[in-house]
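Q: Sequence and predicted model, in that order:
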Amino acid sequence: MTEPDDAPEMRAEIVRLAQALDAAGMMPSKSGNLSCRAGDGMLITPSGLPYAVMTPGDLVWLGPDGQVRSGGKPSSEWRLHQAIYRARPEVAAVVHTHSPKATALSCARRGIPAFHYMVALAGGSDIRCSDYATFGTAELAEATLRALEGRRAALLANHGVVAVGASLAAAYTLALEVENLAGQYLALLASGLTPVVLDDAEMAEVLAQFGAYKRLG
C-alpha cells in the first residue's frame, strides 16, 4: 500500500509546525506530538526524536489499527490520535503540546472558563480539563474524548493540551490560542482578582458570531 499523493506535503508541514512549536517552547525537545489523517490511517511524529533534527522521512505512517506501514516507532500517544480520528470524522489533524501555562493549569486539574470570549474558539463555553490517565494508554484516549465532546481543544490532567482541526494549520493555531488564554487566566488568578465569567447565553451569541464570520470568510 502506498501513501496518499499529498503525503510529502503533509510530512513537510508536520515537521515545520512541530519545529515551530518546539522553538516557541510549546513542546520542548521531544515532548508532545502532531498527526494528520493520511489515507485510511495517519502520519504521526515518531517517538524519542528531538524536533530540531526531525525530517519528513522520520514520520511514521500508521494504518487504521495502529500497525506501522512505514517508519519506525510512533509517538507513545498514537492511541490518543487514533481514538480522535475514529470518533471525530471532521477532524483532519491533531496537535498535542506540553505548553507551559496550559500545562500548569492541567496540573491543578483546572480547565479554562469563559473569562474571555475567545474561549469559544475551542468550540464551546469552556475548555475542559480531562480526567487523569497514564500517558500512552487507551484510558487516556478515552478521557481525552470525553473532554473533547463538543469541543476542539482540551487540557489533559497533569499532562498538557490537545487541539484538533479540519487542517493541521487550524489545530496548530488553536493550540497557540489555548496557551495564550491559559497565560491570561493564570495572570488574572495570580493578581488576586476574581474572573468575571461570561454566561452561557453570551457565549452562545459569540459562537453564533464566530459561525457567521467563518461563513463570510
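A: Now that the structure is in, tell me what you want to look at. Numbers count the residues shown, from 1 in each chain.
Q: Off-centre distance for the longest helix along the chain?
A: Ranked by number of residues, the top helix in the chain under DSSP state H is helix 168-191. Here helix 168-191 is found 12 Å from its chain centre; the criterion is CA atoms, centre = their mean, to the nearest Å.
Q: try stretch 133-143
A: That offset, for stretch 133-143, works out to 15 Å (CA atoms, centre = their mean).
Q: Just give the closest residue to residue 40, not the sequence neighbours.
A: By the measure of CB to CB, 6 or more residues apart in numbering, the closest residue to residue 40 outside its immediate chain neighbours is residue 64, 5.1 Å from it. The C-beta positions use only the backbone N, C-alpha and C, and glycine is treated the same way.
Q: typo on my end, residue 146
A: Counting by CB to CB, 6+ apart, residue 146 lies nearest to residue 130, which is 6.7 Å off, once chain neighbours are set aside.
Q: ok so, going back, what helix or strand does the residue nearest to residue 40 sit in?
A: Counting by DSSP states H and E, no helix or strand carries residue 64.
Q: Might one say that it is in contact with residue 41?
A: Yes. Residue 64 is within contact range of residue 41, at 5.5 Å (criterion: CB atoms under 8 Å).
Q: Residue ranges in this protein under the pLDDT threshold?
A: By pLDDT under 70, the low-scoring segments of the chain are 213-217.
Q: which residues in it form helices?
A: Going by DSSP H, the chain shows helices at 7-23, 78-87, 100-107, 138-147, 168-191, 200-216.
Q: before we move on, the earlier item: give me the distance between the residue nearest to residue 40 and residue 183.
A: 37 Å (CB to CB, to the nearest Å).
Q: Compare these two (neighbour count), which wins?
A: residue 183 (16 against 12; other CB atoms under 10 Å).
Q: okay but that one is in contact with residue 99, surely?
A: No. With contact defined as CB under 8 Å, residue 183 does not count as touching residue 99 (9.2 Å).
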